[in-house]
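In: Pasting the sequence and the predicted model now:
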Amino acid sequence: MKTAMALAAMTALLLPAVLPAQSPAPAAAEPVFTPAAMRAHVEFLADDLLAGRDTGSEGHEIAARYVASQFDGLGLKPAGENGGWLQRITFQKTEFGKTPATLTVTGPTADKSFTHAGDVIIGINADQPHLDVKAPLVFVGFGLENARLGLNDYAGLDVKGKIVVTLRGYPKGLPSEEGAHLSATKGKIAESHGAIGMIALNTLQSAKARPWARMVQFADEPDFTWVSPDGVPFNAAPGLRASAMLNDPAAEAVFAGAPATIAAIRKTADKAGGKPRGFALKTSVTIKADTISQRVTSPNVVAILPGSDPRLKDEYVVLSAHLDHIGISPAKAGDAADASGSRDRINNGALDNGAGIATMLEVARAMAQSPDKPRRSIIFLASTAEEKGLLGADYFARHPSVPVRQIVGNVDLDMPLLLYPFTDVIAFGADHSTLGPIVARAVAPMGVKLAPDPMPQETIFVRSDHYMFVKQGVPAVFLATGYANGGEKAWGEFLGGAYHHPGDDMTQKIDWNAGARFAEANYRITRAMADGDAPPRWFAKDFFGDLFAPQAEKATR
C-alpha cells in the first residue's frame, strides 16, 4: 500500500514536467468547399422539373422547399413566418387586356396614333384597370433633382396635371451609382411636382445599352408588385397614372413644333455634363390601356445562424441570393406544341441564379459545421421575385425577421459567372462603405483581388437585391466574379447569349472548381463581417450613407 501511494505521489509530481498543465485547443480546421457540392445544388435547381422557377410557380415552390430542407439539415433556425422557413408574399400580377393599348399624339400637325409594342411601350398601372388619360406635355430634360449634385431639371417649369417627358438615364460625368439611383426615382420626383404621367425617351447612350428592338421583346411581360400585410399593393408613385417609352417616330411626333428637335437634344445630352433644359411642348397625348390583375403568392426562404458573442449576437449580417428565375419562354411560330417541345423553352437559370443559391448554401453549411461559431448572427435569405423588380428582397428589407436597425451589412450573390478560373471579384457598391475593404482583405489570402466596376454603364448597383438593403440604410454590396483571366470575354459572351435564355442550363461548360472557390471567397467575406470588432459602416460623407442612414456612425476612408 505504501509503495502504491508513493508511486502515485511521484507520478503527480512528474506529470507537470512531462505534460503541459493545459493543452491548447486544436486549431479549427478550415472548411472544405468541393466542386461536387456546388454542382449538386445547381443540378437540382436547374432541372427541367422546376420549369425555370418563375415567381408564383410550382417549380419555385419546389425550389423553396429544397432550400428550406437544406437549412433544416444544417440545424439553422427558421426565420420565416409562424416559426417556419418561408416568408410568404402576396403579389399583384397585372397584364394587358385584349384591347390593344394606344398612345395618340395631338398637336400642331395631324393626330398620330401608336399601338403598344410598336413605336411605343405603354406602362402597366395596376391602379388603373381602364386607363384613359389625356394631358399636355412638358419636357423636363433628364427629370432629375438633387441639390448635392447640382441637379434641378424642374426649375421654372409647371407640370401640375401634366405628363412630363424625360430622357432616360442621367447626365454624362455623373457618378454612375448615384446617377442610377436618381434615375430610378424619376417617377417620385415627377409626382412630387404634381405630374400625372411620365414618358421616357432614349438618349444616344441608352439606345446603345438598351436598343428599342430589345425592349420591345419584353413589352408584354406582366407587371408585379408586392401587397402589404394589410392588402394594399405597393406603388412607389401612385400619383402617376400613365407612363410610356417612345421610339423615334413617336418621339418626333411629340416634339412637333418644339423649340428644339429631339435630335438636337440628344446631341446636347451626349456631351460630358450635358443637361438639356426643359420647356413646355406644343403637343398633348392620350394614353389608353385595359389591364387585368390577379393575386399570386411566392415565398422568400429565411434562416438564421445565431451568433456566439453575447455582445454581438443581436447584430445580423445577411447573405442573400435570389431563388427565382423567368420560367418558360412563350412558344414561337414553328415550335413543337407537345410537352417535349416546351422543354426547349425552359429558362433553367443554372448560373442565374442557381449558382448564387448554391454558393449561399455552401457558406451556410461551412458556418453551421464550424466548431468556431461566428460572433454575429447570420441571416441566409433566398429571395423571390428578383426578376420581377427586386420585389422579394424589397419586401424582406421592409418586413425583416429582425428589426432592420440590427442588420449591419448585406452581401448579395447574383449570377456568379462560373465559366472560367476567376482571379478577381467585383463588389458593386464597394466604394460606399467599409464592406469594400472587408471584401478585399477577406479574399486576399486566396490570391483573389477586388476589382472596380468594369461596366458602370449597366448601372448594376440598382439592379440587384442588395440595393433594397441600401435603401433601408444597410451597407451592402453585390458580389460577382470579375473581368480578369478571361472574365471579360466570358461575361460578354454570356450576356449576349445564354443570359435569360434556355441556354443557361447544365449543358454549359461550367467550371465547378471556380464554383467551390467562389463559395470559399464568400465564406471568408461573411466570416469577416460576422467576426469583426466593428460592423460594416458607411463612409463619412458618402451619398448613400447620408441619404439613407444620416444618423448612423460613419467610418473614415
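Out: The structure has been received and is ready for your questions. Residues are numbered from 1 along each chain as shown.

In: Which secondary structure elements does the lengthiest helix in the chain sit against?
Out: In the chain, taking DSSP state H as the definition, the longest helix is helix 512-531. The elements that helix 512-531 packs onto, with contact taken as 3 or more C-beta pairs under 8 Å, 6 or more residues apart in numbering; DSSP states H and E, are helix 35-45, strand 316-322, helix 355-369, strand 377-383, strand 407-413, helix 435-443, strand 476-481. Where you see a C-beta, it was placed from the backbone N, CA and C, and this is true even at glycine.

In: Turn those into TSV, including mean pLDDT, distance to E458 and mean neighbour count.
Out: Listed next are the helices and strands packed on helix 512-531 as TSV, based on pLDDT from 0 to 100; distance: least, C-beta to C-beta, whole Å; neighbours: other C-beta atoms under 10 Å:
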stretch	mean pLDDT	distance to E458	mean neighbour count
helix 35-45	98	24	19
strand 316-322	98	17	29
helix 355-369	98	18	25
strand 377-383	98	21	27
strand 407-413	98	16	27
helix 435-443	97	19	21
strand 476-481	96	11	29
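
In: so which of these gets nearest K77?
Out: Closest of the helices and strands packed on helix 512-531 to K77 is strand 377-383, at 9.0 Å (criterion: C-beta to C-beta).

In: helices or strands up against the next helix or strand after that closest one?
Out: Under the assignment DSSP states H and E, the closest C-terminal helix or strand after strand 377-383 is helix 391-398. If contacts are counted by 3+ C-beta pairs under 8 Å, 6+ apart, helix 391-398 sits against strand 86-96, strand 223-227, strand 279-305, strand 316-322, strand 377-383, helix 466-470.

In: circling back to that earlier point, may I see the helices and strands packed on helix 512-531 arranged in a markdown table, with distance to A260 as well?
Out: Output for the helices and strands packed on helix 512-531, formatted as a markdown table (distance: least, C-beta to C-beta, whole Å):
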| stretch | distance to A260 |
| --- | --- |
| helix 35-45 | 51 |
| strand 316-322 | 42 |
| helix 355-369 | 45 |
| strand 377-383 | 44 |
| strand 407-413 | 42 |
| helix 435-443 | 42 |
| strand 476-481 | 38 |
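
In: list the buried ones in stretch 97-107?
Out: Of all the residues in stretch 97-107, those buried under the rule 16 or more other C-beta atoms under 10 Å are A101, T102, L103, T104, V105, T106, G107.

In: and if you look at stretch 477-493?
Out: Neighbour-count burial for stretch 477-493, counted by 16+ other C-beta under 10 Å, picks out V477, F478, L479, A480, T481, G482, Y483, A484, G487, A490, W491.

In: Could you pull up the contacting residues of the third one?
Out: With contacts defined as C-beta atoms under 8 Å, 6 or more residues apart in numbering, L479 is in contact with V411, D412, L413, P416, V425, I426, A427, F428, V439, A521, N522, I525.

In: what does the fourth one give?
Out: Applying C-beta under 8 Å, 6+ apart, we find A480 in contact with D414, M415, P416, L417, V425, I426, F428.

In: Any chance of JSON lines for those residues, columns distance to P299 and pLDDT?
Out: Output for those, formatted as JSON lines (distance: C-beta to C-beta, whole Å; pLDDT from 0 to 100):
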{"residue": "D414", "distance to P299": "18", "pLDDT": "96"}
{"residue": "M415", "distance to P299": "21", "pLDDT": "96"}
{"residue": "P416", "distance to P299": "23", "pLDDT": "97"}
{"residue": "L417", "distance to P299": "27", "pLDDT": "98"}
{"residue": "V425", "distance to P299": "29", "pLDDT": "98"}
{"residue": "I426", "distance to P299": "29", "pLDDT": "96"}
{"residue": "F428", "distance to P299": "26", "pLDDT": "92"}
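
In: So for stretch 113-127, first residue to last residue, what's the gap.
Out: Distance between the boundary residues of stretch 113-127 (C-alpha to C-alpha, to the nearest Å) amounts to 24 Å.

In: What are the buried residues along it?
Out: By neighbour count with 16+ other C-beta under 10 Å, stretch 113-127 contains the buried residues 114, 116-127.

In: Same question for stretch 499-518.
Out: Buried residues in stretch 499-518, counted by 16+ other C-beta under 10 Å: 499-502, 504-505, 508, 510-512, 514-518.
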